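Participant: Build me a structure from this.
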Amino acid sequence: MKFKRIRKYQTVDKSMKIIKIPSEMKEYSAKIRASGKKIALVPTMGALHEGHLSLVKTAKECADICVMSIFVNPTQFGPNEDFKKYPRPIENDIALAEKENVDVLFIPENKDIYFKDASTYVNEELISQNLCGKSRPKHFKGVATVVCILLNIVNPDFAVFGEKDAQQVSVIKRMVRDLFMDSKIITAPIIREKNGLAMSSRNVYLSSVQTIDAVMLHASLLKAKDLVSKGCINVDRVIAEITNYLSKSSQLRIIYVNAVDAETSLPVSVVEADKTRIVMAVWVGTVRLIDNMVM
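Facilitator: Numbering: from 1, shown residues only. This is a model prediction of the structure:
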């Protein structure tokens, strides 16, 4: 199947609809909601893996119709980031979505999401200032804006996000609360490779040697969790345990390691079991990876 041949409400194998135009997506959603059925949205940037597909399972558990969006959002990438080379295996994504029984695949183009003279953006100003927001200052402005747009187009009862992007989830939950939006945000657990590496579309950039080093992110979190389970509540000591372990690899460059509230992603002064999340961002060679774990 060629992506350029996709048309309005096209059906793949008589089961999955593919919609490209926002107005048509809105029309479809309105009909579904008018029939009394509930909709769950799974927003993605494509390059689908098991982590994304696990979100589909969660969506189908809470709603009648699962809509997955695929849109590589330009406004959340910085000027020197990987927007142009971000993987876009659209035909494989369509096949995976169909296999997972997605009901509707929404694949808009950039021109259909952002008008040429667009001048309205959503900016969360507290949670987004820390962690990834420090090194990627416009990232969460782009994330909040595109998620707001997608929620307005699809108008889902639920939207499902993965816990790997914990700060992103916190920003989106705050946006939905502050703007009195109707969609309920649901989170699903991190899906990992057998070696513990959190699944990410960027993992394809890793060499075999770098993959071995990348596994150290998860291993360091397990060490921190073990330390907390033995009674340690000192934030500095827990972070030192992680940084000391990661420093053993010359391939890894730590961007940040922090202890935050598991719900809000805001900094905490002590580690509390089940309430504190350790979050990290690390360069593995030239690949930026994030990971986290609730203690």
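
Participant: measure residue 292 to residue 276 for me?
Facilitator: 11 Å (Cβ to Cβ, to the nearest Å). All C-beta atoms are positioned from the backbone trio N, CA, C, and that covers glycine.

Participant: same check, this time on residue 214
Facilitator: When residue 214 is compared with residue 276 (using Cβ to Cβ), they lie 24 Å apart.

Participant: Looking at the two now, which is surrounded by more residues?
Facilitator: residue 214 (28 against 20; other Cβ atoms under 10 Å).

Participant: Only alpha carbons, please: show stretch 202-221 as PDB.
Facilitator: Output in PDB follows, covering the C-alpha atoms of stretch 202-221 (Å, rounded to 0.1, in the frame of the first residue of the first chain):
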ATOM      1  CA  ARG A 202      15.100   6.400  18.900                       C
ATOM      2  CA  ASN A 203      16.600   3.000  20.000                       C
ATOM      3  CA  VAL A 204      17.100   2.300  16.300                       C
ATOM      4  CA  TYR A 205      19.900   4.900  16.300                       C
ATOM      5  CA  LEU A 206      21.900   2.900  18.800                       C
ATOM      6  CA  SER A 207      24.800   0.700  17.700                       C
ATOM      7  CA  SER A 208      25.200  -2.800  19.300                       C
ATOM      8  CA  VAL A 209      27.900  -1.500  21.600                       C
ATOM      9  CA  GLN A 210      25.800   1.600  22.600                       C
ATOM     10  CA  THR A 211      22.800  -0.700  23.300                       C
ATOM     11  CA  ILE A 212      24.800  -2.500  25.900                       C
ATOM     12  CA  ASP A 213      25.600   0.800  27.600                       C
ATOM     13  CA  ALA A 214      22.000   2.100  27.300                       C
ATOM     14  CA  VAL A 215      20.900  -0.900  29.300                       C
ATOM     15  CA  MET A 216      22.700   0.700  32.200                       C
ATOM     16  CA  LEU A 217      20.000   3.300  32.600                       C
ATOM     17  CA  HIS A 218      17.500   0.700  33.700                       C
ATOM     18  CA  ALA A 219      20.100  -1.100  35.800                       C
ATOM     19  CA  SER A 220      20.900   2.200  37.600                       C
ATOM     20  CA  LEU A 221      17.200   2.700  38.400                       C
END
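
Participant: I appreciate the help and will end here.
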